[in-house]
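Colleague: What would the 3D arrangement of this be:
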Amino acid sequence: MENVTVIDHPLIQHKLTLMRDQNTSSYDFRQLLREISMLLAYEVTRDFPISYEEIETPLTTMPAPKLDGKKVVLVSILRAGNGILDGMLDLIPAAKVGHIGLYRDPKTLVAVEYYLKLPPHIEDRDMIVVDPMLATGNSAVAAVHRLRETQPKSIKFVCLLAAPEGISAFQNEHPDIPVFTAAIDEKLNDHGYILPGLGDAGDRIYGTR
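Modeller: Take a look at the predicted model:
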């Protein structure tokens, strides 16, 4: 699939297996997601530009690499996106944060927006949109349509799991936006959940049903 990167690092895959297990507690699920999110962020930011500035070590001076003024905003698709957001902030603590609230109509599976809050000067920032599951793709598609209206410098979409149907729906609407995921699962079931998947990510993060 073009413009889709599967980050198959062994540590990510091991932790993902633990998350899939239905016996994993909410506490452990949250912790594992936070750890995976840091590893995902490591790969997603691999193309960040660097510049060199002269610094002085305890022994000598040297031209040392630093991030080249990268202005990043992490946007969480509520509510489950916050599970990825926390881990990414551990790695990119200076990033600004935005939230977009969407819920999936249980009958139509269409995404309905109910909340949007973003930091100022989005046009100067590179945006990373996060949501654990790319299932039907409806929420991600709707979120990115709305966020594109704010005209950020760039957009990337990051998820934990994706279904082929979700990737197809997303790429049909946003073929230019790269998708990063830890795994592409088999398919969706009749209720729009990813199989084999890990259940409802939000419920498992927060212990709800």
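
Colleague: Residue 10 and residue 106, how far apart?
Modeller: 37 Å (C-beta to C-beta, to the nearest Å). The C-beta positions use only the backbone N, C-alpha and C, and glycine is treated the same way.

Colleague: for residue 119, same thing?
Modeller: Residue 119 sits 32 Å away from residue 106, going by C-beta to C-beta.

Colleague: and if you look at residue 59?
Modeller: For residue 59, the distance to residue 106 - C-beta to C-beta - is 63 Å.

Colleague: How about residue 183?
Modeller: Residue 183 is 25 Å from residue 106, by C-beta to C-beta.

Colleague: Out of those two, name the residue with the larger neighbour count.
Modeller: Neighbour comparison, residue 183 and residue 106: the larger count goes to residue 183, with 20 against 8 (by other C-beta atoms under 10 Å).

Colleague: Need the nearest residue in space to that one, chain neighbours excluded.
Modeller: Of all residues not flanking residue 183 in the chain, residue 161 sits nearest, at 5.5 Å (C-beta to C-beta, 6 or more residues apart in numbering).

Colleague: Compute the number of surrounding residues for the one you found.
Modeller: So residue 161, with other C-beta under 10 Å, has 22 neighbours.

Colleague: which other helices and strands contact the host helix or strand of residue 74?
Modeller: Assigned by DSSP states H and E, residue 74 belongs to strand 72-78. Packing contacts for strand 72-78, counted by 3 or more C-beta pairs under 8 Å, 6 or more residues apart in numbering; DSSP states H and E, involve helix 81-91, strand 96-104, strand 126-130, helix 138-148.

Colleague: Using the three-state scheme, assign residue 37.
Modeller: helix (DSSP: H, G, I helix; E, B strand; the rest coil).

Colleague: Hmm, it is touching residue 87, no?
Modeller: Yes - counting by C-beta atoms under 8 Å, residue 37 touches residue 87, with 2.6 Å between them.

Colleague: Between the two, which is the more surrounded one?
Modeller: For residue 37 versus residue 87, neighbours defined as other C-beta under 10 Å are more numerous around residue 37 (26 against 22).

Colleague: Residue 159 and residue 94: what is the separation?
Modeller: Applying C-beta to C-beta, the value for residue 159 to residue 94 is 23 Å.

Colleague: Looking at the two, which one has more neighbours?
Modeller: Taking neighbours as other C-beta under 10 Å, residue 159 and residue 94 compare with residue 159 leading, 27 against 9.

Colleague: Excluding covalently adjacent residues, which one is nearest to that one?
Modeller: Closest to residue 159 by C-beta to C-beta, 6+ apart is residue 134, at 4.5 Å.
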